[in-house]
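In: next one to model:
(2 chains)
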Amino acid sequence: MARKKLDTLTEQMYYVLLALRQERHGYGVMQYIAQLTDGRVNVGAGTLYALLDRFEKDGLIDRTRTEEARKYYCLTPEGEHALHQEYERLRRQAEDMERALREEEGL
Amino acid sequence: MKRSWSLFAYPVMDIKAAEAALNRRAAVGWRLEKVWLGLLASFVPARRPVQYCVDWCDPNREDLNYRALCEEAGWTWRQQTAYRNIYEAPEGTAPIQTDSGLEYLRFRKKVLRRMVLGVVPLACCLVFVLLLSALARSQTGGPGWWEWENVATALCRSDLTAILLLTLPLPALGGMLWLGRMLLRLIQWRSAAREGRPFPTPGRRSAALASGFCLLGWLYAAVLLWGIGLDLIGGRLNLGLLLGFALGSILVLLRCQGAEYQRRRRGAAVLLIVSLAGLGAGVLLPDQLTDSFHVKGPVEQIQMLPESMQTYGPETEASLVAAHTRWWEVTREGEDRGWDDGRLWGDMWTTRGPRLANWITEHCRAELGTGCQTPLVGYEEVWLARADLGGDPETGPKEDLWVIRRGNTVLRVQTHGLEGLDETWLEDTLAMLEGDGTHG
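Out: Next comes the predicted model:
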């Protein structure tokens, strides 16, 4: 579910922001995510549309151009920051898990 | 071509049941051809396996960019029904909504808000009219619109009003069922959105039941449309309202030019045609066209006082359920004496069935007072309340209130400042009510 404040991103939000580190249009974002995750993560067209709208309002992405009725978007510095924050959070979570597993093995 | 049909009258909140029904058909090789009037769906054999998604939309303003993105993702827009868009895609395409939280937000933004925006102004208008009515009543002391005589008049004045008043519990019951189901879905969706689960699909039996109720709602709407049609032909719909609809429709047609407003323009065009047809029908078509549907009063001409100097009326209003004739007469002496002296006021209601006649009789009898509830000696269903207005008790002026019921006809006659109406008058009146058809 979309959070009121984007302090924690959902998996789909995370991948949409990740895809927009390069300029892409909506369908391009969907294709990139499916390719990157080997089809594990699918962002529906309706969900993506709502996320793009929300990210644009929150200033995380910018609409760069419109070509053949396709809107292209790209991450803003603020969006880059949000993505990195989330990455750091996930990385720390993964590190914590690894540490816990190591401790269990050492016992 | 081979074709299959099924009922498709799912209420707006049963979006997932509608989607599941389409996908069940698709799973056995059928492809949706069209949804007719939001009631029936026709299917044709599918050349390749397909799947369906039913998604929320704002019927007043279609988001074409949204549709374009769905199209790119493989979902072809097939049709719009009420607040829902039906999309079709090859089997295995990723669903349109993959986040129940955002789906719930879309429902609130595109559907719930639009519904509230539609209902609140209507509710405000209704409250305003009720307040005005109460204010007018407190200022003039006259009867409120809810009092029996005004209700009876309304029943005779308009076919639409008659149908609405006589079936009032039905839309109220339907509305409560609809609201209850909507609240249930809201609770379910809210919980699913919080927990990140997909929206639940209602059970097949529950969905079929809701669909059946919707079908009944459509049938009821058809009956209301019939009432509106009769009122239009009879020129009995409010001209100001029709003009307002026509002007509003023209405004929408002029202002909403974009492709996203296609559905709104279509609605405005239909409303404009209906309003203009209503305005034209009232003027061009003869009222007799509706006569065969309406209740007929027992008399066309009436004069009860032989010495009447003037008779005003009779004016008859008739609808599908009842007819009301009213008139008043004034004697030569009454004309000279003053406003309410030497006068007779008559009201006659004829109803299609005995229940309505019973209801009118009860209210008329209540006006007689508790002391005059016994029928006149020697007559059935004839009641009289008489008061002397001074002078000789035999020949002096009196105030009479007669209530006479014959079959489904109720006659109420009030006199003031006349000698009491005698037995000859009563015999003539009863003969008229029992089929003679004339009086005086």
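In: what about chain A, any weak spots by pLDDT?
Out: Along chain A, the parts satisfying pLDDT under 70 run over A:1-7, A:107.
In: residues of it that sit close to chain B?
Out: Within chain A, the residues that sit near chain B (C-beta under 8 Å from any C-beta of the partner chain) are A:1-2, A:10, A:12, A:26-27, A:30, A:34, A:42-51, A:69, A:71. No exception for glycine: its C-beta is placed from N, CA and C like everyone else's.
In: 7 Å instead, please
Out: Within chain A, the positions near chain B by C-beta under 7 Å from any C-beta of the partner chain are A:1-2, A:10, A:12, A:26-27, A:30, A:42-50, A:69.
In: just say helix, strand or coil for B:Glu317.
Out: strand (DSSP: H, G, I helix; E, B strand; the rest coil).
In: that one - how many residues pack around it?
Out: 19 (other C-beta atoms under 10 Å in any protein chain shown).
In: contacts only, for it.
Out: B:Cys156, B:Arg157, B:Ala323, B:His324 (C-beta atoms under 7 Å, 6 or more residues apart in numbering or on different chains).
In: what about whatever residue of the stretch 301-440 of chain B ends up closest to chain A, which SS state?
Out: The nearest approach of the stretch 301-440 of chain B to chain A comes at B:Leu320, 47.2 Å away (C-beta to the nearest C-beta). Recorded secondary structure, B:Leu320: coil (three-state DSSP).
In: so what's it up against?
Out: Contacts of B:Leu320 (C-beta under 7 Å, 6+ apart): B:Asp159, B:Ala162, B:Ile163, B:Phe293, B:His294.
In: of the residues you listed, buried ones?
Out: Among those, those buried by neighbour count (16 or more other C-beta atoms under 10 Å in any protein chain shown) are B:Asp159, B:Ala162, B:Ile163, B:His294.
In: most widely separated two among those?
Out: B:Ile163 and B:His294 (12.9 Å; C-beta to C-beta).
In: tell me how far the most centrally placed residue in chain A lies from A:Leu75.
Out: Geometric centre of chain A, nearest residue: A:Tyr14, 2.1 Å, by C-alpha atoms, centre = their mean. Distance, A:Tyr14 to A:Leu75, using C-beta to C-beta, to the nearest Å: 12 Å.
In: dihedrals phi and psi, the residue of the stretch 51-200 of chain B found nearest chain A?
Out: Closest contact between the stretch 51-200 of chain B and chain A, by C-beta to the nearest C-beta, is at B:Gly101 (2.5 Å). Dihedral pair for B:Gly101: phi -60, psi -50, per degrees, to the nearest 10.
In: hang on, it packs against B:Glu195?
Out: No: contact criterion C-beta atoms under 7 Å: B:Gly101 and B:Glu195 do not qualify, at 9.5 Å.
In: quick one, helices of the chain?
Out: Here I'm looking at chain A. Read by DSSP state H, chain A holds these helices, from start to end of the chain: A:11-19, A:26-36, A:45-57, A:77-106.
In: correction: the question concerned chain B.
Out: All helices of chain B, identified by DSSP H, fall at B:15-27, B:64-72, B:100-107, B:113-140, B:148-157, B:159-166, B:169-195, B:204-233, B:239-255, B:262-284, B:332-337, B:354-368, B:423-431.
In: relative orientation of the third one and helix B:15-27 in degrees?
Out: Which is helix B:100-107. Interaxial angle, helix B:100-107 versus helix B:15-27 (axes from the mean of the first three to the mean of the last three C-alpha atoms, to 10 degrees): 110 degrees.
In: verify the stated contact: B:Ala268 with B:Ser249.
Out: Yes: the criterion here is C-beta under 7 Å, and B:Ala268 meets it with B:Ser249 at 4.2 Å.
In: for B:Tyr87, name its beta-bridge partners.
Out: When bridges are called by DSSP bridges, B:Tyr87 pairs up with B:Cys53, B:Trp77.
In: number of residues surrounding the nearest residue to B:Leu289 once chain neighbours are set aside?
Out: Excluding its sequence neighbours, the residue lying closest to B:Leu289 (C-beta to C-beta, 6 or more residues apart in numbering or on different chains) is B:Ile233, at 5.3 Å. By other C-beta under 10 Å, 22 other residues sit near B:Ile233.
In: from what I can see B:Ile233 touches B:Ala281, true?
Out: Yes: if you go by C-beta under 7 Å, B:Ile233 and B:Ala281 touch, sitting 5.1 Å apart.
In: low pLDDT regions in the stretch 51-200 of chain B?
Out: In the stretch 51-200 of chain B, residues with pLDDT under 70: B:141-145.
In: which positions in it make contact with chain A?
Out: Residues of the stretch 51-200 of chain B that fall close to chain A, judged by C-beta under 7 Å from any C-beta: B:55, B:66, B:68-70, B:72-73, B:75, B:94-102, B:105-106, B:193-194, B:196.
In: give me the buried subset of the residues you listed.
Out: B:55, B:66, B:68-70, B:72-73, B:75, B:94-102, B:105-106, B:193.
In: hmm, A:Leu20 is touching A:Thr76, no?
Out: No: A:Leu20 lies out of contact with A:Thr76 (C-beta under 7 Å); the separation is 9.3 Å.
In: what touches both of those two?
Out: Common neighbours of A:Leu20 and A:Thr76 (C-beta under 7 Å, 6+ apart) are A:Ile61.
In: neighbour-wise, which of the two wins?
Out: Per other C-beta under 10 Å, whichever of A:Leu20 and A:Thr76 has more neighbours is A:Leu20, with 25 against 17.
In: next, give phi and psi for the more buried one.
Out: Note on A:Leu20: backbone dihedrals following degrees, to the nearest 10 are phi -90, psi 10.
In: how about it: what's its closest non-neighbour residue?
Out: Spatially, and ignoring its direct neighbours in sequence, A:Leu20 is nearest to A:Leu75 (4.7 Å; C-beta to C-beta, 6+ apart).
In: near that neighbour, how many other residues are there?
Out: Here the count is done by other C-beta under 10 Å, and A:Leu75 has 22 residues near it.
In: roughly how far apart are it and chain B?
Out: Look at A:Leu75 and chain B: by C-beta to the nearest C-beta, to the nearest Å, they are 19 Å apart.
In: that residue and A:Ile61 touch, don't they?
Out: Yes: counting by C-beta under 7 Å, A:Leu75 touches A:Ile61, with 5.7 Å between them.
In: need the residues touching each of the two.
Out: Common neighbours of A:Leu75 and A:Ile61, counting by C-beta under 7 Å, 6+ apart, are A:Leu20.
In: stretch A:38-48: end-to-end distance?
Out: The first and last residues of stretch A:38-48 sit 18 Å apart, counting by C-alpha to C-alpha, to the nearest Å.
In: one more: stretch B:154-172?
Out: Stretch B:154-172 has its terminal residues 19 Å apart, counting by C-alpha to C-alpha.
In: buried ones in that stretch?
Out: Quick answer for stretch B:154-172 (16+ other C-beta under 10 Å): B:Ala154, B:Leu155, B:Cys156, B:Arg157, B:Ser158, B:Asp159, B:Leu160, B:Thr161, B:Ala162, B:Ile163, B:Leu164.
In: same question for stretch B:26-41.
Out: B:Ala26, B:Trp30, B:Arg31, B:Leu32, B:Glu33, B:Val35, B:Gly38, B:Ala41.
In: leaving out chain neighbours, which residue sits closest to the residue nearest to the centre of chain A?
Out: Nearest non-adjacent residue to A:Tyr14, counting by C-beta to C-beta, 6+ apart: A:Glu86, 5.6 Å away.
In: ok, B:Tyr310 touching B:Arg332?
Out: Slight slip there: residue B:310 is Gln, not Tyr. No: using C-beta under 7 Å as the test, B:Gln310 is too far from B:Arg332 to be in contact (9.2 Å).
In: give me the pLDDT value at B:Ala431.
Out: What the model reports as pLDDT for B:Ala431 is 84.
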